[in-house]
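Asker: predicted model, plus sequence, below.
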Amino acid sequence: MTIRILGLFLACAVFFSCQDEEAQRRAALRDAQKKEQIFSIINKGWNFTTTGLQPKAQERVTHWAELRLFLNELNQKPKSSMGEFRKKARMLSTKAKELNNNIPIQFNKPEVKARIAVLTTKINSINLFLHLQDIPDQKVIANIAEANEELRGLFLQMNEIVRKSEIPKEQGESDMIRMLDTTRAIPNTPVPPKPTSGSPVRSLPNPTAR
């Protein structure tokens, strides 16, 4: 009787063990399929647009190495695995932060820095989402699209700055700018006239004399 009970117990243990292994196998398969689907979605949506600077604006960023390195990173798309996408996102986040370094004088303006700040935020969001345990693929794709919009806005801003700098000043505009420059303003205190030759020089009365 004891042997039968022991055999029944072992049979149940084997049965439930097999069921548990089958459940784990199915869960692992579902997890692998989900990760493969997420990879496929991100791989398809990982497209950055790095064109838009006009030739004259490009000439002025020739020595802006940080921008060039950032755009190069955007153009190099990962292919093999999600780990490669994570590595790329981390590198892009670093390069985006460096865009504030060595900005050409012509583009070192608040409006350009504001565009860079928003672009950096979008890139950081991509990096953050890709490093989550459960990757929100749609949020990654949305931030890629928004990063493209911000990059396009940055290029448009830079093109506009160059365009305005080449508009010839109207006649008298330079004089007006000089007049508005307080550091070069003409003093209001009148300078006493110099006595002309031959005219007698009269001494001023001494106010202390009685």
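Answerer: Done, it's in. Because the structure is predicted, anything quoted here is derived from the model rather than measured.

Asker: contacts and neighbour counts: CA atoms only from here.
Answerer: Will do.

Asker: burial check on the spatially closest residue to N102 that is not a sequence neighbour, number of neighbours?
Answerer: Excluding its sequence neighbours, the residue lying closest to N102 (C-alpha to C-alpha, 6 or more residues apart in numbering) is W64, at 6.4 Å. For W64, the count of nearby residues is 15 (other C-alpha atoms under 10 Å).

Asker: how close does W64 get to E111?
Answerer: Distance of W64 to E111, computed by C-alpha to C-alpha, to the nearest Å: 18 Å.

Asker: same question, L132
Answerer: For L132, the distance to E111 equals 33 Å [C-alpha to C-alpha].

Asker: those two: who's more crowded?
Answerer: E111 (13 against 9).

Asker: quick one: list the elements packing against whichever strand or helix holds that one.
Answerer: According to DSSP states H and E, E111 maps onto helix 110-130. Secondary-structure packing of helix 110-130 (3 or more C-alpha pairs under 8 Å, 6 or more residues apart in numbering; DSSP states H and E): helix 82-97, helix 137-165.

Asker: now the ones you listed in a markdown table, with mean pLDDT, distance to G45 and mean neighbour count?
Answerer: Formatted as a markdown table, the helices and strands packed on helix 110-130 follow (pLDDT from 0 to 100; distance: least, C-alpha to C-alpha, whole Å; neighbours: other C-alpha atoms under 10 Å):
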| stretch | mean pLDDT | distance to G45 | mean neighbour count |
| --- | --- | --- | --- |
| helix 82-97 | 96 | 12 | 18 |
| helix 137-165 | 96 | 6 | 17 |
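
Asker: many thanks, we can stop here.
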